[in-house]
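1. Take this sequence and fold it.
(chains A and B)
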Amino acid sequence: MKRPLLAAVLALGLAAPATAQDSLLNTSYDIARELFEALNPVFADHWQETTGRSVTIDMSHGGSSRQARAILEGLNADVVTFNQETDIDVLVDGGLVPEDWRDLLPNGASPYYSLPAFLVREGNPLDIQDWDDLARADVEVIFPNPRTSGNARYTYLAAFAYGLEHNDGDEDAAEAFVKEIFDSVPVFDTGGRGATQTFAERGMGDVLVTFEAETGGIAEAYEDQNLERVTPSISLFAAFPVAVVAEVAERNGNTEVANAYLEWLYTPEAQRILAEHFYRVTDEDVEAEYSDRLPDVQLVTAEDTFGGWEAIQRDHFAEGARLDRVFVNQ
Amino acid sequence: MSTVALNHLPSQSRLQSRHGQRVLIGLAVGLTLLFIVAPMAYIFARAFSRGWDVYVANILHPVTLHAIWLTTITAIIVVPINVAFGIAAAWAVAKHRFPGRGILVTIIEIPFSISPIIAGVCYLFLYGRQGLLGPWLQANDLQVIFALPGIVLVTMFVTAPFVAREVLPLMQAQGTEQEQAAVTLGASGWQVFRRVTLPNIKWALLYGAVLCTARAVGEFGGVAVVSGNIRGQTNTLPLHVELLFNDLNAVGAFAAASTLTLIAIVALVVKALLESRKSG
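-> Alright, predicted model coming up:
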């Protein structure tokens, strides 16, 4: 009786991968697992070729605000690859990341980016092409609650930007337009994962709004439904910022490999993998190669259109501001 | 008229009570099927929805294997410690009188009544980088939080009362007469414990250990706070289920969940067997 049990325990122990000495911990946001599973081995090969040293990259995934909090409490992260700049600023306040992190790498330290886009039912039966189709009475829209989901705040702002563009910058008209879209949302889930489930598993709604980078993964996970990706004419630039957690990397003796890892993300080799996963890339040649799956779109930024995130917080998301008026009776 | 009425009444009420019995049994069985059996069956149905090969591939994925291993090793460390603690605590409370006995019993039961996430946060504030002991731990290069020690500590906290709670009532009911008799006959302290106390509480002890194991294996909330979610390093099986689920890998999530469910079922069968031994 005891022997098989012992053997099973030993087998499990042996099956557990031994931790290699030269290792780098990348702390990242949810749903980026497949992306980095594709990127990491290619970087490891590249590192082996250029330096002759081997490296394993460990991954930790979670909501990026929670990840930032964990790093402040001692999670041993050498680099962060997040989906919100404010979460890296939290690490700056904690003294772990230098204040000028945005200037240390090209494109504001965002080697790739994304934007809110649509996922529609097979054959796009309601011919949903742009934000104004979402305001139509016959279209049901699914996205999570902007009060609890960062993803949905990008959706709100992208729709608002479309409203501004088509109403000569009239903010109240834009607000009325966004309200029409919100009125066609039957249920607001708390997060992107819940909204995906509502759309794909419960079969509610005609269009799911989420980051373009996620639409590919969702379509693949529910491939039997043949969901189709649609990119609107206007959307909001969503940075995916990266930084070396200087203090931790230094303590681990990983400063060199951590910097090399993040710089490598800008190379055509890495950018192709990113584009394969439906991220928008900064390398123009790679962008051109993948233009069929990542069609042209007019991008607005939080800074240019809304005066920066502080102004957005004050004018849109603070209590009693525009979001509360759009979101009334929900 | 009256005889008819008299004959009629009891038979009708008997009929009614038999009818009521049926409804109650039906309700109990129905609700059990609906709320417990159906979801559990669904776990296995989903786990195998893409066939046996995909299921095996998901279980044998190195990261999933590591999660199983980490959960197992955590239970292997935690359960013996809590068994020892439970016996010691129950012994102290049941066999001795001292001031603060009542308070001790209450303290032992605290993990039952507070949410595990509070345990996680407490340990984070104590051992985390910004915590009370954080600077000292960092200066000595000791990693407690976001590593195995933190996971073990939180699991230990959450499962601390199980053994003590099972053993204590039995020890209290048995009193100290047998131990006193053994001492008068010249038995040493260890002999008393091994030959008198332990045999008396054997089944309750095993029962408590099984409950403790089941809980240690399934712990989610507290461990989630101190794990750091590093795949292949600090991801326990319950955390891994959530992670796979968030990745839209439903089959993987249900496959991992099925191993957890199997562990739970085995624990419950062992518990049922022990219960029949205990009462038999």
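2. Tell me the confidence at the closest residue to residue A:23 other than its chain neighbours?
-> Of all residues not flanking residue A:23 in the chain, residue A:56 sits nearest, at 4.7 Å (CB to CB, 6 or more residues apart in numbering or on different chains). (Glycine included, C-beta is placed from N, CA and C.) On the pLDDT scale, residue A:56 is placed at 93.
3. Do I have it right that residue A:56 meets residue A:26?
-> No. Counting by CB atoms under 8 Å, residue A:26 is not a contact partner of residue A:56; they are 10.8 Å apart.
4. Those two - which one has more neighbours?
-> Applying other CB atoms under 10 Å in any protein chain shown to residue A:56 and residue A:26 shows that residue A:26 carries more neighbours, namely 23 against 16.
5. If that one is in a bridge, with which residues?
-> Under DSSP bridges, the beta-bridge partners of residue A:26 are residue A:59, residue A:79.
6. which residues touch it?
-> By CB atoms under 8 Å, 6 or more residues apart in numbering or on different chains, residue A:26 lies in contact with A:36, A:40, A:57, A:58, A:59, A:60, A:77, A:78, A:79, A:80, A:81, A:261.
7. Checking the residue minimising distance to the centre of chain B next. Helix, strand or coil?
-> What sits nearest the mean C-alpha location of chain B, by CA atoms, centre = their mean, is residue B:215, with 2.5 Å. State at residue B:215, reduced to three classes by DSSP: H, G, I helix; E, B strand; the rest coil: helix.
8. interface residues of the stretch 51-200 of chain B facing chain A?
-> Contact residues (CB under 8 Å from any CB of the partner chain) of the stretch 51-200 of chain B with chain A: B:62, B:65-66, B:68-70, B:72-73, B:76, B:124, B:128-131, B:134, B:138, B:143, B:145-146.
9. Which residues are in contact with the nearest residue to residue B:207 once chain neighbours are set aside?
-> Leaving aside its sequence neighbours, residue B:207 sits nearest to residue B:274 (CB to CB, 6+ apart; 4.9 Å). Shown in contact with residue B:274 (CB under 8 Å, 6+ apart): B:203, B:206, B:207, B:210.
10. buried sites along stretch A:270-279?
-> Using 16 or more other CB atoms under 10 Å in any protein chain shown as the test for burial, stretch A:270-279 gives A:270, A:271, A:272, A:273, A:274, A:275, A:277, A:278, A:279.
11. same deal with stretch A:175-195?
-> Within stretch A:175-195, the residues scored as buried using 16+ other CB under 10 Å are A:175, A:177-182, A:184-185, A:188-189, A:191-195.
12. of those, closest to chain B?
-> residue A:193 (5.6 Å; CB to the nearest CB).
13. Need the pLDDT of residue 269.
-> No chain in the question, so chain A it is. On the pLDDT scale, residue A:269 is placed at 96.
14. not quite, I wanted chain B
-> Looking at residue B:269, its pLDDT is 89.
15. can you check residue A:15 too?
-> The model reports residue A:15 with a pLDDT of 41.
16. what kind of secondary structure is the residue nearest the centre of chain A in?
-> The residue lying closest to the centre of chain A (CA atoms, centre = their mean) is residue A:83, at 4.7 Å. With three-state DSSP as the basis, the three-state label of residue A:83 is coil.
17. Surely residue A:85 and residue A:238 touch.
-> No. Applying CB under 8 Å as the test, residue A:85 and residue A:238 come out as separate, 9.9 Å apart.
18. Now do the shared contacts for these two.
-> Shared contacts of residue A:85 and residue A:238 (CB under 8 Å, 6+ apart): none.
19. between the two, who's got more neighbours?
-> For residue A:85 and residue A:238, the more surrounded residue by other CB under 10 Å is residue A:238, and the numbers stand at 25 against 21.
20. got the contact list for the closest residue to residue A:293 other than its chain neighbours?
-> Take residue A:293 and drop its neighbours on the chain: the residue closest to it by CB to CB, 6+ apart is residue A:278, 6.9 Å away. The contact partners of residue A:278, by CB under 8 Å, 6+ apart, come to A:114, A:212, A:213, A:214, A:215, A:216, A:217, A:229, A:293, A:294.
21. same question, residue B:172
-> Applying CB under 8 Å, 6+ apart, we find residue B:172 in contact with B:93, B:94.
22. in what helix or strand does it lie?
-> helix B:161-174 (DSSP states H and E).
23. Just the helices from the stretch 101-250 of chain B, written as ranges.
-> Secondary structure of the stretch 101-250 of chain B (DSSP state H, counting those that start in this stretch): helices at B:101-113, B:116-127, B:134-139, B:148-159, B:161-174, B:177-184, B:189-192, B:198-218, B:221-227, B:237-246, B:250-279.
24. With residue B:22 as the reference, name the closest of the ones you listed.
-> In terms of CB to CB, the element of those nearest to residue B:22 is helix B:250-279, at 26.0 Å.
25. buried sites along the closest one?
-> Neighbour-count burial for helix B:250-279 flags B:250-261, B:263-264, B:267, B:270-271, B:274 (criterion: 16+ other CB under 10 Å).
26. now the angle from it to helix B:198-218?
-> 170 degrees (axes from the mean of the first three to the mean of the last three CA atoms, to 10 degrees).
27. Give me the distance between helix B:250-279 and the centre of its chain.
-> Mean-position distance between helix B:250-279 and its chain equals 11 Å (CA atoms, centre = their mean, to the nearest Å).
28. same question, stretch A:270-290
-> With CA atoms, centre = their mean as the basis, stretch A:270-290 stands 15 Å off its chain's centre.
29. Helix or strand next in line after the lowest-mean-pLDDT helix or strand in chain B, which one?
-> Within chain B, no helix or strand scores below helix B:2-32, which has a mean of 73 by mean pLDDT, DSSP states H and E. Toward the C-terminal end, the helix or strand that comes next after helix B:2-32 (DSSP H and E) is helix B:38-47.
30. would you say residue A:208 is within a strand?
-> Yes. Assessed by three-state DSSP, residue A:208 belongs to a strand.
31. residues near it, how many?
-> 24.
32. What's opposite it in the beta bridge?
-> Beta-bridge partners recorded for residue A:208 (DSSP bridges): residue A:119, residue A:142.
33. which strands and helices sit next to the longest helix along chain B?
-> For chain B, the longest helix by residue count, based on DSSP state H, is helix B:62-95. Contacts defined by 3 or more CB pairs under 8 Å, 6 or more residues apart in numbering or on different chains; DSSP states H and E place helix B:62-95 against helix A:2-15, helix B:101-113, helix B:148-159, helix B:161-174, helix B:198-218, helix B:237-246, helix B:250-279.
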